[in-house]
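A.B. asks: Quick one: sequence plus predicted model below, questions after.
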Amino acid sequence: MAIYSIRDLEKLTGIKAHTIRIWEQRYKLVIPARTETNIRYYTDENLRLLFNVALLNRYGYKISKLAKMTPDEIAAKVAEISETNSSPNAQVDALTLAMIDLDESAFDRVFSAYSWEHGFEKTILELVYPFLDKLNVLWLTRSVSPAHEKFITNLIRRKLLVAIDKEPTPVPGEGARFILYLPEGESQELTLLFLHYLLRSRRQKVVYLGIGVSLDDLRDACQPFKPDYVVSILQNPLARQSIQQYVEQASKIAGKGEVLLSGAQMFINDVKLPKNARRLDGLPGTQRFLNDLVAQQKSAEN
């Protein structure tokens with residue numbers, strides 16, 4: 001059983017600690033447990049109840065009324081609202097609860113409902129990325145455990161792989177040629193997988209090398225495939241060389257192809273880009289690049 005401080009509850013639910021204390025003192029709503037040394041702490045049940053109370057409160061239910069309801073009655077009201085409301089904020093809260101409970105079926109319900117209504121691409125952009133932003137804050141503040149983080153990211157990874165596999169392989173002569181990879185020590189695989197999906201859904205050819213790719217491995221892929229574009233993310237510092245040296249070497253390996261790079265290291269370092277390298281401003285910059293590329297390809301066909 002996980003235990004939480006009141007500050008953990010604040011970070012997870014977005015409800016101020018002061019408000020939680022008022023609800024506890026005035027309405028006996030969320031009662032903490034205590035250690036043998038009288039230190040207050042909260043359980044998964046407290047967290048789940050607080051999430052549900054906060055959601056109903058946003059939808060007009062008064063705290064005084066909620067305090068008179070049982071946890072099961074509150075959960076039933078939340079289920080009714082969740083079935084009819086697909087707003088990103090409510091669904092991000094639902095994903096957070098699914099993560100805390102290690103509940104795969106709850107994750108599937110939220111993800112599938114949003115995807116059915118909005119499509120896969122918007123589900124990742126409007127639901128998953130805001131959730132991952134929240135998860136990053138929770139991870140940095142140690143409000144969630146590595147087990148929770150691994151559980152939910154693996155579920156998202158599976159959804160991305162299934163979506164990629166559903167897209168037809170481009171026919172010969174169709175689309176540009178992309179190599180996607182992450183260098184050793186880089187961990188942005190979900191973003192790279194989403195980029196794989198974006199490219200496949202736009203009928204581009206992709207060789208996906210994945211994570212932990214050395215420059216020698218990249219060379220072995222570039223020589224036979226001869227990519228138009230080599231794409232990577234440099235979020236973390238490199239262990240054995242400067243970002244400048246790495247970019248120069250990767251650009252030489254790409255040959256006539258263009259190297260497209262994003263990530264924090266491309267902005268916090270004063271990197272002088274080779275002629276065949278370009279800096280992309282994160283996911284928005286990558287989307288703009290793809291939109292321009294597809295527009296150029298359609299114009300060339302006409």
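C.D. replies: Here it is on my side, so go on.
A.B. asks: Show me the strands in the stretch 201-302 of the chain, by range?
C.D. replies: Applying DSSP state E, counting those that start in this stretch to the stretch 201-302 of the chain gives strands spanning 205-213, 229-233, 258-262, 277-279.
A.B. asks: what's the answer for the stretch 1-150 of the chain, then?
C.D. replies: Secondary structure of the stretch 1-150 of the chain (DSSP E, counting those that start in this stretch): strands located at 3-4, 33-34, 40-43.
A.B. asks: Arg202 contacts Ala295, correct?
C.D. replies: No. Checked against Cβ atoms under 8 Å, the pair Arg202 and Ala295 is beyond contact range at 10.8 Å. For the C-beta atoms, the positions are set from N, CA and C on the backbone; glycine is no exception.
A.B. asks: So those two - more neighbours on which side?
C.D. replies: Taking neighbours as other Cβ atoms under 10 Å, Arg202 and Ala295 compare with Arg202 leading, 16 against 10.
A.B. asks: coming back round to it: could you dump the strands of the stretch 1-150 of the chain into JSON lines with mean neighbour count added?
C.D. replies: Formatted as JSON lines, those follow (neighbours: other Cβ atoms under 10 Å):
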{"stretch": "strand 3-4", "mean neighbour count": "18"}
{"stretch": "strand 33-34", "mean neighbour count": "11"}
{"stretch": "strand 40-43", "mean neighbour count": "16"}
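A.B. asks: Can you check which of these gets nearest to Thr169?
C.D. replies: Using Cβ to Cβ as the measure, strand 3-4 is the one of those that comes nearest Thr169, at 46.8 Å.
A.B. asks: Below-threshold pLDDT in the protein: ranges please.
C.D. replies: Residues of the chain that meet the criterion pLDDT under 70 lie in 1-2, 81-87, 137, 139-143.
A.B. asks: How is it divided into domains?
C.D. replies: Under the assignment automatic domain parsing, the domains of the chain span 1-85, 87-166, 169-301.
A.B. asks: residues in contact with stretch 287-299?
C.D. replies: The contact list for stretch 287-299 (Cβ atoms under 8 Å, 6 or more residues apart in numbering) reads 175-176, 198-199, 202, 204, 260, 278, 280.
A.B. asks: can you pick the most crowded of those residues?
C.D. replies: That'd be Leu199 among these, by other Cβ under 10 Å, with 25 neighbours.
A.B. asks: picking that back up, check the strands of the stretch 201-302 of the chain for me and report the most buried one.
C.D. replies: When the strands of the stretch 201-302 of the chain are scored by mean count of other Cβ atoms under 10 Å, the highest mean neighbour count falls to strand 229-233 (a mean of 24).
A.B. asks: Understood, closing this out.
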